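Q: The following comprises the amino acid sequence and a computationally predicted model.
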Amino acid sequence: MRISRIDQLEQYILEHKAVSNDALCEAFEISKNTLRRDLEILVSRGNVEKVYGGVVACENTAAIPDLVTFHERSGRNAQGKQRIAALAASFVKERDIIYIDSGTTTMSIVDHLSHLSAVTVITNSLQVINKSLNYPNINLIALPGSLKRDTASLVGSSCVEYLEDYNIVRAFMACTGISVQAGVCNASTEEYTIKKTALKKSQKHYLLADYTKFGRTSLMTFGEIGQFDSILTDRMPDDAFCSYCRELGCAIETAPEP
């Protein structure tokens, strides 16, 4: 499907910052004519620009394409996301009340909670709901709402109202991008208020973000870096970002290699 390839092209360029046309043709097994047509679409989106012999990511944006499906996103860096989820689960204590945000990294946290005798999970993620069926030690509280297919989540004002009634120990949050300039970002307007409420109602905040999320911005900022106790990732970001986090008292922890 052409749209899928174009989204993958954009993601590849944003990750590598600068790529030659020859490298793109080889990586995606397409002709230069096909690449030229695809790049015309990408340039119109405003996230990349053409240079002599190739393309570069625009300095003022590095947003992850919103058109990519949940299934496609979940397949990207799957091993790294699993490691991050396992690291996140290590912070959960017996009988904790935790919030698990919708996302392709956060959804796997429940797979690493079987060592606990009891834990309460509050979520709007369909993936977390489905996975929790396999674990009798999990007391599941699913937020009510309407289905949002592209994020596999339940959204709406009823989710926010429901969350307001709970006192949460730990919130494990997902994001579309994170940067010094824009903070912690999200591409879904429907999930924006839910995320902010989850942060407000929880004592400890953990951001799960694989290496592709750093330096990216997206539609809305739902949290500031200083609000988070820890950023859990699979690869340490650059020194400038790490220094900024230290100033704010936000720890960065990397998931161990298998």
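A: Received the coordinates, thanks. Because the structure is predicted, anything quoted here is derived from the model rather than measured.

Q: Per-residue pLDDT of the spatially most central residue of the chain, please?
A: In the chain, the residue lying closest to the centroid (C-alpha atoms, centre = their mean) is Cys175, at 3.7 Å. Per-residue pLDDT puts Cys175 at 94.

Q: pretty sure it is in a strand, no?
A: No: per DSSP: H, G, I helix; E, B strand; the rest coil, Cys175 lies outside any strand segment and is coil.

Q: That one and Val43, how far apart?
A: 26 Å (C-beta to C-beta, to the nearest Å). Yep, even glycine has a C-beta here, placed from its N, CA and C like the rest.

Q: do the same with Asp229
A: Applying C-beta to C-beta to Asp229 and Val43 gives a distance of 40 Å.

Q: hmm, back to that, correct me, but the residue nearest to the centre of the chain touches Ala209?
A: Yes: Cys175 is within contact range of Ala209, at 5.7 Å (criterion: C-beta atoms under 8 Å).

Q: How is Ile141 assigned, secondary-structure-wise?
A: strand.

Q: dump the residue contacts of it.
A: With contact set as C-beta atoms under 8 Å, 6 or more residues apart in numbering, Ile141 has these partners: Thr120, Val121, Ile122, Thr123, Tyr166.

Q: Give me the buried stretch members for stretch 92-108, please.
A: Of the residues in stretch 92-108, those buried by neighbour count under the rule 16 or more other C-beta atoms under 10 Å are 92, 96-108.

Q: Just give me the closest of the residues you listed to Leu9.
A: Nearest to Leu9, judged by C-beta to C-beta, of those is Thr104 at 19.7 Å.

Q: Look at the closest one and tell me its secondary structure.
A: On the three-state scheme (three-state DSSP), Thr104 is labelled coil.

Q: List phi and psi for it.
A: phi -80, psi -10 (degrees, to the nearest 10).

Q: my read: it touches Lys81, true?
A: Yes: applying C-beta under 8 Å, one finds Thr104 in contact with Lys81, separated by 6.2 Å.

Q: could you measure His115 against Glu253, distance?
A: Distance from His115 to Glu253, by C-beta to C-beta: 19 Å.

Q: which outside residues touch stretch 164-173?
A: Under C-beta under 8 Å, 6+ apart, the answer for stretch 164-173 is 88, 91-93, 96-101, 103, 106, 109, 122, 141, 184, 195, 197-199, 201-208, 223, 228.

Q: Mind checking which of those are in helices?
A: Ala88, Lys195, Thr197, Ala198, Leu199 (DSSP state H).

Q: which of the contacts of Ile141 lies closest to Glu29?
A: For these, the nearest to Glu29 is Thr123 (39.0 Å; C-beta to C-beta).
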